[in-house]
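Undergrad: here's a sequence, model it:
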Amino acid sequence: MTNDWTQLKPQLPDPTSVVANITKSTKRPRIPLLLAVLILAIIALVASQVVMGQRIATLESKIDSELLTLNQLVKENEARAEKTAKQVEPSLFKAPNDLDALIKKIGESVVDIYCESGDGSGGTGFAHDDEPVTAGYSTTIVTNHHVIESCWNTGSEVIVYLGETFETEVKGVIAGVDEENDLALIEIREVLPLIESAEDFAKPGWWSMAVGNPEDEDLGEILDRYVSIGYIGFVLDGHFNYTSATLNRGNSGGPLVNSRGELIGINTFASSGLDYGVWNIAVDSDVLCEKLYKCD
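TA: Here you go, the predicted model:
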């Protein structure tokens with residue numbers, strides 16, 4: 001009997017397969033872990049965005065608050081600067097520092113007015129800081145009622161002359177009249193520099209300047225933007241400013257300004273004689289508010 005020693009030899013397992021089986025059995029699934037990490041990262045990102053959004057909102061609110069404070073400071077500084085500027089300007093009882101500049105400035109707002117109809121009335125007007133009421137028109141001209149009376153009575157157009165030498169002729173419409181106070185408003189499409197009304201009523205002793213286009217009968221022509229200077233003598237009923245600035249025929253409707261170039265009256269009436277002396281009267285600009293337009 002032959003002994004089969006190969007059958008008695010123990011069968012040892014293959015080491016490679018054993019290691020592979022052990023490794024395989026000890027591996028843990030990685031997908032759930034990665035998913036958990038991803039979820040945590042998303043949560044952290046969302047949380048950081050929420051915090052960032054809150055910080056941005058807080059910062060925007062703070063910026064808005066600081067901007068409001070800054071704007072308020074700017075307005076206060078501008079008001080303070082304006083007040084200071086007025087304080088350093090010459091007193092209203094004295095002439096302006098630069099009279100030539102003031103004359104040129106006021107002259108840019110002054111116009112010559114003429115009515116071809118009727119008796120051919122005419123006079124002076126000036127651009128005032130009032131919004132026109134007629135659509136398409138840009139500038140309001142203040143003048144006297146008697147200057148445009150013939151146009152008003154006949155319903156005809158008003159001729160307005162503009163420019164340095166009144167070389168430009170334009171048409172104007174009458175926007176309103178106050179016959180009792182001898183005032184009228186004309187509107188034109190063209191844009192002119194405006195004269196602003198004074199903040200305070202005129203007082204006796206104030207320096208004053210009248211600008212207009214009076215007629216010189218001896219020369220037979222109009223004296224463009226004739227300037228006369230004087231002082232306020234007294235104010236009657238708060239409406240009528242008596243000035244020593246001479247007013248002549250043709251000055252009617254022109255501006256009477258103070259040393260700051262602010263409107264204090266509309267030149268309206270003048271008389272002279274041995275019995276009553278010389279009177280030059282300008283209707284206070286505040287009278288415009290009574291019938292012609294609404295004032296603050």
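Undergrad: assign a three-state SS to A95, would you?
TA: coil (DSSP: H, G, I helix; E, B strand; the rest coil).
Undergrad: that one: neighbour count?
TA: Other residues near A95 come to 14 when the count uses other C-beta atoms under 10 Å. Any C-beta I mention is one placed from the backbone N, CA and C, and that applies to glycine too.
Undergrad: which residues touch the nearest residue to it once chain neighbours are set aside?
TA: In space, and not counting its chain neighbours, A95 is closest to W207: 5.3 Å by C-beta to C-beta, 6 or more residues apart in numbering. Residues counted as contacts of W207 (C-beta atoms under 8 Å, 6 or more residues apart in numbering) are 92-96, 229, 231, 258-259.
Undergrad: quickly find the element holding A57.
TA: Secondary structure assignment for A57, by DSSP states H and E: helix 31-88.
Undergrad: mean confidence score for that helix?
TA: Averaged over helix 31-88, pLDDT sits at 74.
Undergrad: hang on, P255 packs against V110?
TA: Yes. Counting by C-beta atoms under 8 Å, P255 does reach V110; the two are 7.0 Å apart.
Undergrad: what do those two both touch?
TA: Both P255 and V110 are in contact with 126, 211, where contact means C-beta under 8 Å, 6+ apart.
Undergrad: ok, and for whichever helix or strand comes after the helix holding A57, which residues are buried?
TA: Heading C-terminal from helix 31-88, the first helix or strand you meet, by DSSP H and E, is helix 99-107. For helix 99-107, the neighbour count (16 or more other C-beta atoms under 10 Å) marks 102-103, 106 as buried.
Undergrad: centre of the chain to helix 99-107, how far?
TA: Counting by C-alpha atoms, centre = their mean, to the nearest Å, helix 99-107 is centred 22 Å from the centre of its parent chain.
Undergrad: sticking with N241, tell me its helix or strand.
TA: Going by DSSP H and E, N241 is part of strand 240-243.
Undergrad: now do D182 against V160, distance only.
TA: In this view, D182 and V160 are 19 Å apart by C-beta to C-beta, to the nearest Å.
Undergrad: which is the succeeding secondary structure element to the strand holding N241?
TA: Using DSSP H and E, the helix or strand that follows strand 240-243 in sequence is strand 255-257.
Undergrad: who are the packing partners of that following strand?
TA: Applying 3 or more C-beta pairs under 8 Å, 6 or more residues apart in numbering; DSSP states H and E, one finds that strand 255-257 contacts helix 99-107, strand 207-212, strand 263-273.
Undergrad: what domains does the record give for the protein?
TA: 109-188, 207-291 (automatic domain parsing).
Undergrad: pick out the shakiest of those domains, pLDDT-wise.
TA: Of all those, the minimum mean pLDDT falls on domain 207-291 (a mean of 81).
Undergrad: got the end-to-end distance for that domain?
TA: Start and end residues of domain 207-291 are separated by 28 Å (C-alpha to C-alpha, to the nearest Å).
Undergrad: likewise for stretch 128-147?
TA: End-to-end distance for stretch 128-147: 17 Å, by C-alpha to C-alpha.
Undergrad: may I see the buried residues of it?
TA: Applying 16+ other C-beta under 10 Å to stretch 128-147 flags 128, 130, 132, 137, 139-147 as buried.
Undergrad: now, which of these sits nearest V191?
TA: Closest to V191 out of the buried residues of stretch 128-147 is T139 (5.9 Å), distances taken as C-beta to C-beta.
Undergrad: for the closest one, give its distance to V170.
TA: Distance from T139 to V170, counting by C-beta to C-beta: 10 Å.
Undergrad: which neighbours do those two share?
TA: 188-190.
Undergrad: from those residues, which land in strands?
TA: I188 (DSSP state E).
Undergrad: tell me the one of the shared contacts of T139 and V170 nearest F201?
TA: Proximity of these to F201 (C-beta to C-beta) peaks at I188, which lies at 28.9 Å.
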